[in-house]
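1. A predicted structure for the sequence below; I have some questions about it.
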There are 2 protein chains.
Amino acid sequence: MAAETSAAANRAARQATEHARLSARERLLAAANELFYEEGVNTVGIDRVIERAGVAKATLYSAFGSKDELIRAYLEQRFQARREHTLSGLNPVETAREKLLAVFDVLSESFAKPHYHGCAFVNAAAEARPGSPIETAVDGYRGWMRELLTQLAREAGAADPELLAWQLHLLYDGASVSARMDHTPQAASPARAAAEALISAALD
Amino acid sequence: MAAETSAAANRAARQATEHARLSARERLLAAANELFYEEGVNTVGIDRVIERAGVAKATLYSAFGSKDELIRAYLEQRFQARREHTLSGLNPVETAREKLLAVFDVLSESFAKPHYHGCAFVNAAAEARPGSPIETAVDGYRGWMRELLTQLAREAGAADPELLAWQLHLLYDGASVSARMDHTPQAASPARAAAEALISAALD
DNA sequence: CTGGGAACAGACAGACCGGTCTGACTGGCA
DNA sequence: TGCCAGTCAGACCGGTCTGTCTGTTCCCAG
């Protein structure tokens, strides 16, 4: 623990000699992010992760301790990235009402990405054993999203902010499911239109 | 094929001696239905299925040929059951508009069941390898549901039946996701309310 | 120059996977 | 009575899984 102050600091610089200037932990997370997302956390084995990361197995276990913990870190990283990406998409937008709609525009961008494979949290939850650390990571993500929508609905002046936020969340999740399972990146469009109708009705 | 006319006929009667009067195939499907749905198709191994079914491994492979085919049959069975259950729920309802809402009432019943674990098709798709027979089974289910909603939207007189059906499908999927991941069987309620608003807006 | 810590490759253990096969038993039919 | 299809239990196969461990290389600090 105490050795990390200097050891971890110069490791980032030293690693510039190797294939990338990323730390082993970062390379592992990047590899896990690609493989777990595209093929599922259960399907992908440890060996494939360390191979893609270019890292020894012992290094993975010294950094994360277990596969479960690696999965948790992968979801946590995805949560942070999604939060920042969403908030930065909402930033330039003026009103709360427009921000609520902008959430679906950000979602639309995700669907358009070449290897979109559904919501990482829905997929992970489908594979999670009950009580696994996956579930708490999923809860954190969903709690944040719901709170964001509720706050915006309240600012927009909705009669029942919790209800509107829940309904928009349904559309949000439904769009993710449709984009993947119906093989169409257009699913954000009907979701956004429906959101517009619900918001209008809620502001009466 | 030809041997099934008499052989399969008396098997049902003969099996009355054993633990149940169900055929080995039926017992296997019932066991697969419970285990695959509750724990995921990849997590559950063949051994656990045959153990619960009280059937020998060779019997499974003579009946289904492979685990993939067992999974496909499990999804097909679920599709048929869901279709019949949904249609029978819609049957007593009069107008097309009310039928569209009744779809969410049927969904609400599913959420209330003690071991609801999300949409079986969403879960299976999350675990499916690309190109596996799971995907075609999933496509069949989604195609049917979309067609049902589209037909009802058309009968109800929606300006754009395909769009309304898609939006209701988003709410339908979103409710399933929310019921599972937010641990609340109430998710059908906001979905139904949102559907009502969208339908009203679409009939203007 | 030398010692220590981190990362390396890879063997290994123990469990489990899907799938095949053998051999015994049973119940209905000729 | 004898036959036979279907089921049974379970050994077995090759492969893969997570996780541990050994021994080596390498870089940096002192």
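-> On my side now, so go ahead. Numbers count the residues shown, from 1 in each chain, chains lettered A, B, ... in the order given.
2. confidence score at A:Pro133?
-> According to the predicted model, the pLDDT of A:Pro133 comes to 89.
3. what is the neighbour count of it?
-> In terms of burial, A:Pro133 registers 16 neighbours under the definition other C-beta atoms under 10 Å in any protein chain shown. C-beta: built from backbone N, CA, C; applies to glycine.
4. for it, which residues are in contact?
-> Each residue near A:Pro133 by C-beta atoms under 8 Å, 6 or more residues apart in numbering or on different chains is listed here: A:68-69, A:71-72.
5. again, only using 10 Å
-> When contacts are counted by C-beta atoms under 10 Å, 6 or more residues apart in numbering or on different chains, A:Pro133 is found next to A:66, A:68-69, A:71-73, A:75-76.
6. just A:Leu35 next, same as before
-> Listed by C-beta under 10 Å, 6+ apart, the contact partners of A:Leu35 are A:41, A:43-45, A:48-49, A:51-53, A:74.
7. counting neighbours, which of the residues you listed comes out on top?
-> Neighbours were tallied for each of those (criterion: other C-beta under 10 Å), and the maximum of 27 neighbours falls on A:Tyr74.
8. one step back: which of the contacts of A:Pro133 count as buried?
-> Neighbour counting over the contacts of A:Pro133 (16 or more other C-beta atoms under 10 Å in any protein chain shown) leaves A:71-73, A:75-76 as the buried ones.
9. of the contacts of A:Pro133, closest to B:Ser200?
-> Within the contacts of A:Pro133, the smallest distance to B:Ser200 is 38.8 Å, found for A:Leu75 (C-beta to C-beta).
10. against DNA strand D, how distant is the nearest residue to that closest one once chain neighbours are set aside?
-> Here the nearest residue to A:Leu75 in space, its sequence neighbours aside, is A:Ala137; by C-beta to C-beta, 6 or more residues apart in numbering or on different chains that works out to 4.0 Å. Using C-beta to the nearest atom of the strand, to the nearest Å, one gets 16 Å for the distance from A:Ala137 to DNA strand D.
11. quick one: A:Ala137 and A:Phe79 touch, right?
-> Yes: if you go by C-beta atoms under 10 Å, A:Ala137 and A:Phe79 touch, sitting 6.8 Å apart.
12. between the two, which one's more packed in?
-> Here A:Ala137 and A:Phe79 are compared on neighbour count by other C-beta under 10 Å; more neighbours surround A:Ala137, at 23 against 19.
13. need the contact list for the more buried one.
-> Remark: with contacts taken as C-beta under 10 Å, 6+ apart, A:Ala137 is in contact with A:71-79, A:121, A:124-125, A:128.
14. hmm, A:Ala96 is touching A:Leu164, no?
-> No: counting by C-beta under 10 Å, A:Ala96 does not reach A:Leu164; the two are 11.3 Å apart.
15. overlap in contacts, these two.
-> Taking C-beta under 10 Å, 6+ apart as the contact rule, the neighbours common to A:Ala96 and A:Leu164 are A:152-154, A:156, A:158, A:199.
16. still on that earlier bit, same for DNA strand D: which of the contacts of A:Pro133 are within range?
-> Subset of these in contact with DNA strand D: A:66, A:68, counting by C-beta under 7 Å from any atom of the strand.
17. which one of the contacts of A:Pro133 is nearest chain B?
-> Of all these, the one with the least separation from chain B (C-beta to the nearest C-beta) is A:Leu75, at 12.8 Å.
18. helix, strand, or coil at that closest one?
-> Secondary structure state of A:Leu75, per DSSP: H, G, I helix; E, B strand; the rest coil, is helix.
19. so it sits against A:Phe36, correct?
-> Yes: taking contact to mean C-beta under 10 Å, the distance of 8.6 Å between A:Leu75 and A:Phe36 places them in contact.
20. for A:Thr184, phi and psi?
-> With angles defined as degrees, to the nearest 10, A:Thr184 shows backbone torsions of phi -140, psi 130.
21. just checking, it touches A:Ser178?
-> Yes: distance between A:Thr184 and A:Ser178: 7.0 Å, which falls inside the contact criterion (C-beta under 10 Å).
22. neighbour count winner among these two?
-> Using other C-beta under 10 Å, the more surrounded residue of A:Thr184 and A:Ser178 is A:Ser178, with 27 against 13.
23. only alpha carbons, please: show stretch A:121-128 as CSV.
-> C-alpha atoms of stretch A:121-128 as CSV (Å, rounded to 0.1, in the frame of the first residue of the first chain):
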residue,chain,number,x,y,z
PHE,A,121,-25.3,-3.7,-17.7
VAL,A,122,-28.3,-5.5,-19.0
ASN,A,123,-26.0,-8.1,-20.6
ALA,A,124,-23.9,-8.5,-17.4
ALA,A,125,-27.0,-8.8,-15.3
ALA,A,126,-28.3,-11.6,-17.5
GLU,A,127,-25.2,-13.6,-16.8
ALA,A,128,-24.7,-12.7,-13.2
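24. does that stretch reach DNA strand C?
-> No: no part of stretch A:121-128 sits near DNA strand C under the criterion C-beta under 7 Å from any atom of the strand; the closest distance found is 14.0 Å.
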